[in-house]
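Novice: Got a predicted structure plus its sequence, pasted below:
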Amino acid sequence: MSGIVAWGRVVISDSAGRRVASALLVGKGSLDLAAVDLLARYRLWARRFGGSVEVTGLSPELEGLLELVGLLGQVCGQAEGSEEVGVEKGMEPGDPSA
């Protein structure tokens with residue numbers, strides 16, 4: 001069995017941008033989707049109160065899982081929210097759909 005591994009730091013901020021909580025995201029052994037589920041729940045909870053969640057110091061494993069499930073940009077400060085779902089950039093009227 002592996003020892004304790006740090007996968008990143010979770011920072012939760014309130015609606016004014018003030019840090020209200022910060023903690024290391026750690027676990028034993030291999031990273032799995034339970035950690036991603038936990039981050040998604042933190043994000044949902046924070047957004048309900050107008051706040052935000054950011055993860056810093058990502059391990060490559062956590063970064064890969066977050067990218068796989070589409071949360072990387074939402075918890076790492078890379079704004080994906082500026083794009084509308086289902087709208088592709090650079091499309092011109094009359095272009096065949098992909």
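Specialist: Done, it's in. Numbers count the residues shown, from 1 in each chain.
Novice: leaving aside the residues next to it on the chain, what's closest to T56?
Specialist: Among residues not flanking T56 along the chain, R9 sits closest, at 5.0 Å (CB to CB, 6 or more residues apart in numbering). Glycine gets a C-beta too; all of them are placed from N, C-alpha and C.
Novice: before we move on, what about G17?
Specialist: Spatial nearest neighbour of G17, excluding adjacent residues (CB to CB, 6+ apart): S52 at 8.0 Å.
Novice: Could you list the residues in contact with the helix or strand encompassing W45?
Specialist: Secondary structure assigned from DSSP states H and E places W45 in helix 33-48. Contacting residues not belonging to helix 33-48 are listed as 7, 10, 12-13, 25, 27, 52-53, 55, 62, 65-66, 69, 71, 74-75 [CB atoms under 8 Å, 6 or more residues apart in numbering].
Novice: Now that helix: buried residues?
Specialist: Within helix 33-48, the residues that qualify as buried are A35, V36, L39, A40, Y42, R43, A46, counting by 16 or more other CB atoms under 10 Å.
Novice: So what are the sheet partners of the helix or strand just after it and their directions?
Specialist: Reading on from helix 33-48 to the C-terminus, the next helix or strand found by DSSP H and E is strand 52-56. Strand 52-56 sits in its sheet next to strand 4-13 (antiparallel), going by DSSP bridges.
Novice: Just the residues contacting the strand it pairs with, thanks.
Specialist: By CB under 8 Å, 6+ apart, the residues outside strand 4-13 that reach it are 19-29, 31, 35, 39, 42, 46, 51-59, 61-62.
Novice: distance between the ends of stretch 39-56?
Specialist: End-to-end span of stretch 39-56 (CA to CA, to the nearest Å): 12 Å.
Novice: And the most centrally placed residue in the chain, how far from G29?
Specialist: Centroid-nearest residue in the chain: V75, 2.9 Å away (criterion: CA atoms, centre = their mean). Using CB to CB, to the nearest Å, we find V75 at a distance of 22 Å from G29.
Novice: swap in L72?
Specialist: Here L72 is placed at a distance of 22 Å from G29 (CB to CB).
Novice: more crowded one of those two?
Specialist: L72 (18 against 10; other CB atoms under 10 Å).
Novice: Cheers, nothing more for now.
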